[in-house]
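Enquirer: what would the 3D arrangement of this be:
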Amino acid sequence: MKILRLILSLIVIALSIYALITGTTEVMLPYLLLLAGLTLIVTGIIEFQKR
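Expert: Below you'll find the model as predicted:
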């Protein structure tokens with residue numbers, strides 16, 4: 001799960017940088033929000049399993 005969180009986080013960062021450089025933020029925003037949401041869900045599952 002931690003590897004999945006790391007991969008999702010890196011994808012979000014890479015897509016954000018790409019969108020800022022190319023100026024296509026309005027096109028990339030839905031995908032960025034979806035991946036950021038998935039990252040938060042995975043983080044929540046990891047923290048829930050710690051308890």
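
Enquirer: shaky segments in the protein?
Expert: Under the criterion pLDDT under 70, no range of the chain is flagged.

Enquirer: quick one, helices of it?
Expert: 2-22, 25-50 (DSSP state H).

Enquirer: output those helices in TSV, with mean neighbour count appended to each entry.
Expert: Any C-beta I mention is one placed from the backbone N, CA and C, and that applies to glycine too. As requested, the helices of the chain are exported to TSV (neighbours: other C-beta atoms under 10 Å):
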stretch	mean neighbour count
helix 2-22	13
helix 25-50	12
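
Enquirer: how much space between Leu20 and Ala14?
Expert: Here the criterion is C-beta to C-beta, to the nearest Å. By it, Leu20 lies 11 Å from Ala14.

Enquirer: again but with Glu26, I slipped
Expert: For Glu26, the distance to Ala14 - C-beta to C-beta - is 18 Å.

Enquirer: cool, Leu33 as well?
Expert: Per C-beta to C-beta, Leu33 is found 15 Å from Ala14.

Enquirer: with Arg51 instead?
Expert: Taking C-beta to C-beta as the measure, Arg51 falls 32 Å from Ala14.

Enquirer: and what of Thr22?
Expert: On the measure of C-beta to C-beta, Thr22 and Ala14 end up 12 Å apart.
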